[in-house]
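Peer 1: My questions are about this predicted structure, shown below with the sequence.
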Amino acid sequence: MRACFLSARCGRKEGTDTMKIAFYSTKPYDRVWFEPMGKDYGFDIHFIEMPCNEDTVFLAKGYDAICIFVNDYVNAGMIDKLYEMKVKAILLRSAGFNHVDVKAAEDKITILRVPSYSPEAVAEFAMAMLLTVNRYTHKAYTRTRDFNMNINGFMGKDMFHKVAGVIGTGKIGQAMIRIFNGFSMHVIAYDPYPNHTLDVEYVSLDELLRQSDFISLHCPLTQQTQHLIDRDAIEKMKEGVYLVNTSRGALIDTEAVIDGLISRKIGGLGLDVYEEEEGVFYEDCSNEIMTDENLARLTTFPNVLITSHMGFFTREAMQAIAQVTMENAYALENGLPLVNQVGKCME
Ligand code: NAD
């Protein structure tokens, strides 16, 4: 590690080592938050626009840490390369860590994440998506801009007193429950680790699928939750159910959900995440030929809204992500307790 100068705000002493960080998948809005904060902490951050993958991992040579986002990945082979290059840490700008081989990193590279930044940001966005697909505001916007004031086809459903099902009652799920309660809905939830202090009725997953008019997914992507919403699950749902996924794309079997939309079992779908989003989401592909037929098909449904993994994207969340990421790096560099470390036992 190299020597650095005093940072007034973080209180680092002059002459102590500073961390060199290779910052992958940089977007303009990342620089807005990380550039000044990195300077405050005295870190040497090198911003790289490219994603972190097998082809770009070599760019980490000479750095102490890499900083990555949700559509970057680090597999076991890349862990070995990073280890050989003496990279000591992977700083995740996210809560989820399914994109890093945590087991392979054990005893080699420290992984630090941002476990919580603004659960409300994601939950509020999930509600915005449900309201949009239910009331067709996305279609009404374009129609009225053409002075087509016809409202045919835009009839929605009251949410008042309907059943809202929340799958996963962690930080974001709890924020979602508060929002659904604010709409005077009957809220039910499923979580293998129920939190009985919450104002919600826990039911089995099957029961939730059977009873809910609106379903929102808030569990992490793990081996157990991959394709949690598959053909069987959709079969159990109510006719015309509304579904929103702001968690991870692979919670949903995309082909099963397309068939559910075609059969009209699913009345509306909001996807902020998509199982094949890597390399597409966050990029401008508007001038390219779309080769992902499932994504192309999804965009043809009037009752489907797709957004580009932006549930987190508020000022408050960005500030918190930058702050906690820098605090994580600072703790690592200074031998402080690593409260946000990702360990093998968390997989
Ligand atoms: P959290 O860890 O606080 O809560 C996750 C909850 O899911 C826990 O209560 C856990 O017990 C539960 N769970 C685990 N396995 C389950 C299963 N099989 N079925 C149902 N529940 C299960 O996480 P969080 O902060 O609430 O975030 C939830 C997810 O949201 C993250 O894993 C991440 O994938 C996603 N996320 C998305 C965005 C975005 O911008 N769209 C931003 C942040 C997080």
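Peer 2: Received the coordinates, thanks.
Peer 1: Just list whatever residues bridge to residue 186.
Peer 2: residue 163 (DSSP bridges).
Peer 1: Which residues are in contact with it?
Peer 2: With contact set as Cβ atoms under 8 Å, 6 or more residues apart in numbering, residue 186 has these partners: 161, 162, 163, 164, 201. All C-beta spots, glycine's among them, are computed from the backbone N, C-alpha and C.
Peer 1: Would you map the strands across the protein?
Peer 2: 2-3, 17-18, 20-23, 44-47, 65-68, 89-92, 110-112, 163-167, 186-190, 201-202, 214-217, 241-245, 266-271, 304-306 (DSSP state E).
Peer 1: would JSON lines of those with distance to residue 283 and mean pLDDT be doable?
Peer 2: Listed next are these as JSON lines, based on distance: least, Cβ to Cβ, whole Å; pLDDT from 0 to 100:
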{"stretch": "strand 2-3", "distance to residue 283": "33", "mean pLDDT": "34"}
{"stretch": "strand 17-18", "distance to residue 283": "32", "mean pLDDT": "80"}
{"stretch": "strand 20-23", "distance to residue 283": "18", "mean pLDDT": "98"}
{"stretch": "strand 44-47", "distance to residue 283": "17", "mean pLDDT": "97"}
{"stretch": "strand 65-68", "distance to residue 283": "16", "mean pLDDT": "98"}
{"stretch": "strand 89-92", "distance to residue 283": "20", "mean pLDDT": "98"}
{"stretch": "strand 110-112", "distance to residue 283": "25", "mean pLDDT": "98"}
{"stretch": "strand 163-167", "distance to residue 283": "29", "mean pLDDT": "98"}
{"stretch": "strand 186-190", "distance to residue 283": "34", "mean pLDDT": "98"}
{"stretch": "strand 201-202", "distance to residue 283": "40", "mean pLDDT": "98"}
{"stretch": "strand 214-217", "distance to residue 283": "24", "mean pLDDT": "98"}
{"stretch": "strand 241-245", "distance to residue 283": "20", "mean pLDDT": "98"}
{"stretch": "strand 266-271", "distance to residue 283": "17", "mean pLDDT": "98"}
{"stretch": "strand 304-306", "distance to residue 283": "14", "mean pLDDT": "98"}
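Peer 1: Quick check: residue 170 touching residue 198?
Peer 2: No - using Cβ atoms under 8 Å, residue 170 makes no contact with residue 198, being 10.7 Å away.
Peer 1: Let me see the contact set for residue 115.
Peer 2: Going by Cβ under 8 Å, 6+ apart, the list of residues near residue 115 reads 95, 340.
Peer 1: mind redoing it with 10 Å?
Peer 2: Contacts for residue 115 (Cβ atoms under 10 Å, 6 or more residues apart in numbering) come out as 92, 94, 95, 96, 97, 170, 171, 324, 339, 340, 342.
Peer 1: Identify the contacts common to residue 170 and residue 198.
Peer 2: With Cβ under 10 Å, 6+ apart as the test, residue 170 and residue 198 both reach residue 191.
Peer 1: for this protein, what helix or strand is lowest in average pLDDT?
Peer 2: The weakest-scoring helix or strand in the chain, judged by mean pLDDT, DSSP states H and E, is strand 2-3 (a mean of 34).
Peer 1: of all of the stretch 151-300 of the chain, which residue lies closest to the ligand?
Peer 2: Nearest residue of the stretch 151-300 of the chain to the ligand (Cβ to the nearest ligand atom) works out as residue 170 at 1.6 Å.
Peer 1: ok, that residue - how many residues close by?
Peer 2: The tally of other residues near residue 170 (other Cβ atoms under 10 Å) stands at 17.
Peer 1: Ok, residue 150 next?
Peer 2: Using other Cβ under 10 Å, the number of residues around residue 150 comes to 8.
Peer 1: Surely it touches residue 143?
Peer 2: Yes - between residue 150 and residue 143 there is a contact under Cβ atoms under 10 Å: 7.0 Å.
Peer 1: List the residues that contact residue 271.
Peer 2: Residue 271 neighbours (Cβ under 10 Å, 6+ apart): 129, 133, 243-246, 249, 252, 254, 257, 277, 295, 298, 304-309.
Peer 1: Check residue 191 too.
Peer 2: 166, 167, 168, 169, 170, 173, 198, 200, 202, 205, 218, 219.
Peer 1: From these, keep the buried residues only.
Peer 2: By neighbour count, with 16 or more other Cβ atoms under 10 Å, those hold 166, 167, 168, 169, 170, 173, 198, 200, 202, 218, 219 as buried.
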